[in-house]
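Undergrad: got a predicted model here, sequence first, then my questions.
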Amino acid sequence: MATGEREYQNPLANWSDARLIAAEFERSVPPTGAVQAEMMRRLKAAMQESEQSSSKLGARIWWLNLWLLVFTIAICGLTAVLVLAEFGVLKHIR
């Protein structure tokens, strides 16, 4: 921090959403810039948290898709072997 600067502390940060909105409606005027900025800050924080949890879930789903692909290919291969055995193709190879 540079000389002469003070650290900014948000006076509305500890207020609940309901209290913040109720305080504005008690004044019966449109929300002030401070309240709007605080609500946007909270929305941004909630969206970032949601994005992080979505990314974690996406990574889990990616691995699940990979394993499902491996098992599908294995089942396809085994099915091909059974079909070849049924038609007698495998007997001619020996």
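TA: Alright, I've got the coordinates. Numbers count the residues shown, from 1 in each chain.
Undergrad: around residue 43, count how many other residues there are.
TA: 10 (other CB atoms under 10 Å). No exception for glycine: its C-beta is placed from N, CA and C like everyone else's.
Undergrad: next: the one 10 residues further on.
TA: The local packing count at residue 53 equals 10, with neighbours defined by other CB under 10 Å.
Undergrad: quick one: pLDDT of it?
TA: On the pLDDT scale, residue 53 is placed at 93.
Undergrad: can you check the one 4 residues further on too?
TA: According to the model's per-residue confidence, residue 57 sits at a pLDDT of 92.
Undergrad: swap in residue 37?
TA: 75.
Undergrad: run a quick neighbour tally on it.
TA: For residue 37, using other CB under 10 Å, the count is 13.
Undergrad: secondary structure element for it?
TA: helix 33-86 (DSSP states H and E).
Undergrad: middle-most residue in the protein, spatially?
TA: Ranked by distance to the mean C-alpha position of the chain (CA atoms, centre = their mean), the top residue is residue 54 at 1.2 Å.
Undergrad: from residue 15, how far out is it?
TA: 28 Å (CB to CB, to the nearest Å).
Undergrad: before we move on, what about residue 56?
TA: 30 Å.
Undergrad: higher neighbour count, these two?
TA: residue 15 (15 against 10).
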